[in-house]
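Novice: just the structure for this:
(2 chains)
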Amino acid sequence: MDSIIESFSRALYLILHLDRELLGIIVLSLRVSGTALLAATLIGLPFSALLGFKKFPLRGLIISMLNTFMGLPPVVVGLFVYLLLSRSGPFGFLALLYTPTAMIIAQTILAFPIVASLSHSAIVSVDPIIRQASMTLGATPFQISLNVISEARYGIMSAVMAGFGRVMAEVGAILIVGGNIAGFTRVMTTTIALETDKGNFELALALGIILLSISLLINAALHSIQRKGMVANR
Amino acid sequence: MKLGLRVSHLVKTYNGNEVLKDCSFSFAHPGIYVLTGANGCGKSTFLRICSLLEAPDIGEVIYLDERDTVLHDISLQRRITLVLPKIGLFNTTVFKNISYGLCVRGIKGKEAADRVERVLEFVGLGHKKEQNARTLSSGEAQRVGIARALVIEPDILFLDEPTASIDRKNTEIIETIIHQLKQDNSSVIVMTTHDQAQAQRLADFRMAMTDGKISAS
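Specialist: Numbering: from 1, shown residues only, chains lettered A, B, ... in the order given. Sure, this is the predicted structure:
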């Protein structure tokens, strides 16, 4: 018990005296996950709009697959990206394995189904009357779609936040494709795994607390967005 | 007369149930046309087909400019509008709801703001322009729906049961709005109601729908 309390107090000390290395790890985490989320949103949002507005063959199958892939195990994605990027793989010539770019690719694959699937749900659950009202007011089909997306904005924001939560907490994929190289591909979750293995609990705990705080902030933002949306939907 | 409308031999079937059976009518003069009939007799369907929101199974909807037939394209759709019974207000401010029709036509800035302010005053909601439209009472929502349609100055305005689900006070306000529209406007206004007394008060031309057919009454 004493050792846990001691670890905690040392962890707090580390957080209060953030050193350059620790700060670098945090910044890299945010950079990798933030970029992955941006990419997943840029691809996922138009994709979800396409699924929501256009009818085409295999649409139902794609939606089911997206829903299934929301629960993709990160290690499997890591393995898949590893095989693609490894020297003998089809994209080996790019020499991306064990770089932050590889980590971003893996996390984009993880976040994409979440952003796309939840955004799609948000878009299709917009009351059909919005579409009709836009039409009666002279909107073109494209303007109607934009208006429906705008009505779904709170749901879409939740989707993006859920994607961020997923990639920030993930360790399996980035450990495999990033390699946890100090000062280069070492992020919060991989550091926690490594430092725990080494028995260096203070640093692991400090990072755990920071990671939890970031998650807490994200969830608080999510909650307030949803509440704002609900007040207006009464 | 800006735009005329003639519908001929409209037939519309939903799930095997024939709602409109050979419906024909000509809106040849400016003024207020009031269509009455029992609930579910096809009044709304008729309005949705006239306003090009839906296509009939059989029959024609012909828009006329002077004597020329007008193509059913976006520019025609922008000269007519329908206020739906459930309105469909957007989850944003009253002001942005009303300016939407102008925005999609590329009218922005001061001109849009002036026009929105004018119709807001006209429907008596000038003080609510920054409020979220979803928080309005049903009577106010109906007035925003009418304002949203009026701001685009349509040649033909369709109102589907504009006072069906609102209180007496708001009904009076809306009737006054429709009365005023009649005075300063040479457009065609087509509205449905199940309230015979209201039809009597507002109509220049009365229409009745029975068994999926329209008759002038």
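
Novice: which ones are touching the spatially closest residue to residue B:80 that is not a sequence neighbour?
Specialist: Leaving aside its chain neighbours, residue B:80 sits nearest to residue B:156 (4.5 Å; criterion: Cβ to Cβ, 6 or more residues apart in numbering or on different chains). The C-beta positions use only the backbone N, C-alpha and C, and glycine is treated the same way. Residues in contact with residue B:156 (Cβ atoms under 8 Å, 6 or more residues apart in numbering or on different chains) are B:3, B:5, B:27, B:79-81, B:187-190.

Novice: show me what the host helix or strand of residue A:220 is packed up against.
Specialist: According to DSSP states H and E, residue A:220 maps onto helix A:201-232. Applying 3 or more Cβ pairs under 8 Å, 6 or more residues apart in numbering or on different chains; DSSP states H and E, one finds that helix A:201-232 makes contact with helix A:2-16, helix A:20-53, helix A:153-169, helix A:188-198.

Novice: just the ones you listed: most buried one?
Specialist: Compared across these, helix A:153-169 shows the largest average neighbour count, a mean of 21 (mean count of other Cβ atoms under 10 Å in any protein chain shown).

Novice: give me the next element, helix or strand, following that one.
Specialist: Per DSSP H and E, the helix or strand that comes after helix A:153-169 is helix A:172-178.

Novice: for chain B, what spans make up the strands?
Specialist: Shown for chain B, the strands assigned by DSSP state E span residues B:4-14, B:17-27, B:31-36, B:58-65, B:68-70, B:80-83, B:156-160, B:188-193, B:205-210, B:213-216.

Novice: nearest to residue B:146, of the ones you listed?
Specialist: Of all these, strand B:80-83 sits nearest to residue B:146, with 5.8 Å by Cβ to Cβ.

Novice: pLDDT score for the residue lying farthest from the centre of chain A?
Specialist: Residue farthest from the centre of chain A, counting by Cα atoms, centre = their mean, is residue A:136 at 38.0 Å. Residue A:136 carries a pLDDT value of 96.

Novice: now it: phi and psi?
Specialist: The phi and psi values for residue A:136, taken as degrees, to the nearest 10, are phi -70, psi -20.

Novice: up against chain A, what does chain B have?
Specialist: Counting by Cβ under 8 Å from any Cβ of the partner chain, chain B comes close to chain A at B:51, B:53, B:74, B:77-78, B:81-84, B:86-92, B:100-101, B:104-105, B:132, B:134-135, B:148-149, B:152.

Novice: tally of neighbours for residue B:211?
Specialist: Using other Cβ atoms under 10 Å in any protein chain shown, the number of residues around residue B:211 comes to 10.

Novice: ok, it - contacts?
Specialist: Counted by Cβ under 8 Å, 6+ apart, residue B:211 has contacts B:21, B:41.

Novice: any of the residues of chain B next to chain A buried? List them.
Specialist: Among these, the ones that count as buried by 16 or more other Cβ atoms under 10 Å in any protein chain shown are B:51, B:53, B:77-78, B:81-84, B:86-92, B:100-101, B:104, B:132, B:148-149, B:152.

Novice: who's in contact with residue 187?
Specialist: No chain in the question, so chain A it is. A:25, A:28-29, A:32, A:103, A:174, A:178.

Novice: meant chain B actually
Specialist: With Cβ under 8 Å, 6+ apart, residue B:187 has these contacts: B:2, B:30, B:154-157, B:181.

Novice: if any of those are buried, put those into a ChimeraX selection.
Specialist: ChimeraX command restricting the contacts of residue B:187 to the buried ones, with burial defined by 16+ other Cβ under 10 Å:
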select /B:30,154,155,156,157,181
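
Novice: mind putting the contacts of residue B:187 into a markdown table with distance to residue A:167 and pLDDT?
Specialist: Formatted as a markdown table, the contacts of residue B:187 follow (distance: Cβ to Cβ, whole Å; pLDDT from 0 to 100):
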| residue | distance to residue A:167 | pLDDT |
| --- | --- | --- |
| B:2 | 57 | 78 |
| B:30 | 61 | 89 |
| B:154 | 49 | 92 |
| B:155 | 53 | 92 |
| B:156 | 53 | 93 |
| B:157 | 51 | 94 |
| B:181 | 55 | 85 |
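
Novice: which two among the contacts of residue B:187 are spaced furthest apart?
Specialist: For those, and using Cβ to Cβ, no pair is farther apart than B:2 and B:181, which are 14.0 Å apart.

Novice: quick check: residue B:173 vs chain A, distance?
Specialist: 21 Å (Cβ to the nearest Cβ, to the nearest Å).

Novice: residue B:177 is in contact with residue B:143, correct?
Specialist: Yes. Residue B:143 lies in contact with residue B:177 (Cβ atoms under 8 Å); the separation is 7.4 Å.

Novice: common neighbours of these two, please.
Specialist: Residues touching both residue B:143 and residue B:177 (Cβ under 8 Å, 6+ apart): residue B:123.

Novice: so those two - more neighbours on which side?
Specialist: Regarding residue B:143 and residue B:177, a neighbour count based on other Cβ under 10 Å identifies residue B:143 as having more, with 27 against 20.

Novice: please name the nearest non-neighbouring residue to that one.
Specialist: Nearest one to residue B:143, counting by Cβ to Cβ, 6+ apart, is residue B:123 at 4.3 Å.

Novice: cool, residue A:157 as well?
Specialist: Residue A:157 sits nearest to residue A:225 (Cβ to Cβ, 6+ apart), 5.0 Å away.

Novice: residues touching that neighbour, list them.
Specialist: A:154, A:157-158, A:161.

Novice: can you give me the pLDDT of it?
Specialist: 76.

Novice: quickly note the distance from it to chain B.
Specialist: For residue A:225 relative to chain B (Cβ to the nearest Cβ), the value is 13 Å.

Novice: report the buried residues of stretch A:76-90.
Specialist: A:77-82, A:84-85.

Novice: next, format the residues you listed as CSV and append distance to residue A:6 and secondary structure.
Specialist: Converted to CSV, the buried residues of stretch A:76-90 look like this (distance: Cβ to Cβ, whole Å; DSSP: H, G, I helix; E, B strand; the rest coil):
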residue, distance to residue A:6, secondary structure
A:77, 37, helix
A:78, 34, helix
A:79, 38, helix
A:80, 41, helix
A:81, 39, helix
A:82, 38, helix
A:84, 45, helix
A:85, 42, helix
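
Novice: what's the closest of the residues you listed to chain B?
Specialist: Each of those was scored against chain B by Cβ to the nearest Cβ, and residue A:77 proved nearest at 35.5 Å.

Novice: can you give me the pLDDT of the residue in chain B that chain A sits nearest to?
Specialist: When scored by Cβ to the nearest Cβ, chain B has residue B:88 as its residue closest to chain A, at 3.2 Å. Note for residue B:88: predicted pLDDT of 93.
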